[in-house]
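>>> Could you look at this predicted model? Sequence included:
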Amino acid sequence: QKEVEQDPGPLSVPEGAIVSLNCTYSNSAFQYFMWYRQYSRKGPELLMYTYSSGNKEDGRFTAQVDKSSKYISLFIRDSQPSDSATYLCAMSARYTGFQKLVFGTGTRLLVSP
Amino acid sequence: DGGITQSPKYLFRKEGQNVTLSCEQNLNHDAMYWYRQDPGQGLRLIYYSQIVNDFQKGDIAEGYSVSREKKESFPLTVTSAQKNPTAFYLCASSQREGLAADTQYFGPGTRLTVL
């Protein structure tokens, strides 16, 4: 079983829809949670960063962490064609001062006009 | 502008050749990382360095080598011992201490293809 599971998609939605992207994990030591957006043939770009459980909002994006269920989500409101990309979840726990990031495989999102 | 640069963007390697991928950052970050990205497998850690003149193996270090002679630079050499080197290679950096130490920023990547 992988430490982090993420549905690869693709997830296809019409413009303006609310998008929900999710990851589950098995390691209860994870305490830092991130979402990256990656356009085709580009490097990942950090979108959201949360520590421990709860919600964090930034414009059209909301990151949600439920540590009791080992489940994290990224919601995108009023989705736009420019949101079409692969979304990677990532999480980390400290090992003697070194941060090791564990990534999901990414979910490909397609937003049609 | 602060950021991470990687060169070249595309690289072609013949069987038996060593090639070196460049990574430079001007974010004044202490830690740097190399990842490999393959379809359906996510990002896998090759090597990381928390400080100049020190580096550690990641999960898939076999067939790769690195150096960290300057804070700004962390080049990766893909040797002929790496049996399946065709992939997208990503360099990242982060601060070493404090909460911000857990945020990694990525470069634009280098796509390596073996001919």
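Ah, there it is. Numbering: from 1, shown residues only, chains lettered A, B, ... in the order given.

>>> Write out the residues of chain B neighbouring chain A.
Listed as neighbours of chain A in chain B under the rule Cβ under 8 Å from any Cβ of the partner chain: B:4, B:6, B:31, B:40-43, B:45, B:48, B:50, B:56, B:88, B:90, B:94, B:99, B:101-109, B:111. The way it works is simple: take the backbone N, C-alpha and C, and place the C-beta from them, glycine included.

>>> In strands, which of these fall?
Using DSSP state E, B:4, B:6, B:31, B:42-43, B:45, B:48, B:50, B:56, B:88, B:90, B:94, B:105-106, B:111 are the members of these that sit in strands.

>>> Apply the buried test to these and list what passes.
Among these, the ones that count as buried by 16 or more other Cβ atoms under 10 Å in any protein chain shown are B:4, B:6, B:31, B:42-43, B:45, B:48, B:50, B:88, B:90, B:94, B:105-106.

>>> Can you name the residues bridging to A:Y49?
A:M34 (DSSP bridges).

>>> Tell me, how many residues neighbour it?
Burial of A:Y49 is recorded as 18 neighbouring residues (other Cβ atoms under 10 Å in any protein chain shown).

>>> what ranges do the helices span in chain A?
Assigned by DSSP state H, chain A shows no helices.

>>> Around chain B, pick out the residues from it.
Within chain A, the positions near chain B by Cβ under 8 Å from any Cβ are A:4, A:6, A:8, A:32, A:34, A:36, A:41-46, A:49, A:51, A:88, A:90, A:92, A:97-101, A:103-106.

>>> Only the buried subset of those residues, as a PyMOL command please.
The following PyMOL line selects those of the residues of chain A next to chain B that are buried, judged by 16+ other Cβ under 10 Å:
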select buried, chain A and resi 4+6+32+34+36+42+43+44+49+88+90+92+99+101+103+104+105+106
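
>>> middle-most residue in chain B, spatially?
What sits nearest the mean C-alpha location of chain B, by Cα atoms, centre = their mean, is B:W34, with 2.7 Å.

>>> Surely B:H29 is in contact with B:Q95?
Yes - shown here, B:H29 and B:Q95 form a contact pair, counting by Cβ atoms under 8 Å, at 5.5 Å.

>>> could you point out where chain A is predicted with low confidence?
Along chain A, segments meeting pLDDT under 70 span A:94-98.

>>> biggest strand in it, by residue count?
From DSSP E, the single longest strand across chain A is strand A:85-95.

>>> Now do that one against strand B:42-51, angle only.
50 degrees (axes from the mean of the first three to the mean of the last three Cα atoms, to 10 degrees).

>>> buried ones in strand A:85-95?
Those would be A:85-92, for strand A:85-95 by 16+ other Cβ under 10 Å.

>>> Sheet partners, orientation included, of that strand?
Applying DSSP bridges, one finds strand A:85-95 paired with strand A:32-38 (antiparallel), strand A:98-103 (antiparallel), strand A:107-112 (antiparallel).

>>> So what touches the last one?
Same thing as strand A:107-112. A:6-15, A:17, A:19, A:21, A:76, A:79-87 (Cβ atoms under 8 Å, 6 or more residues apart in numbering or on different chains).

>>> which residues does A:L11 contact?
By Cβ under 8 Å, 6+ apart, the contact set of A:L11 is A:19, A:21, A:107-110.

>>> Neighbour count and distance to B:L21 added to the residues you listed, as CSV?
Formatted as CSV, the contacts of A:L11 follow (neighbours: other Cβ atoms under 10 Å in any protein chain shown; distance: Cβ to Cβ, whole Å):
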residue, neighbour count, distance to B:L21
A:V19, 19, 34
A:L21, 22, 30
A:T107, 21, 27
A:R108, 16, 26
A:L109, 21, 29
A:L110, 14, 31
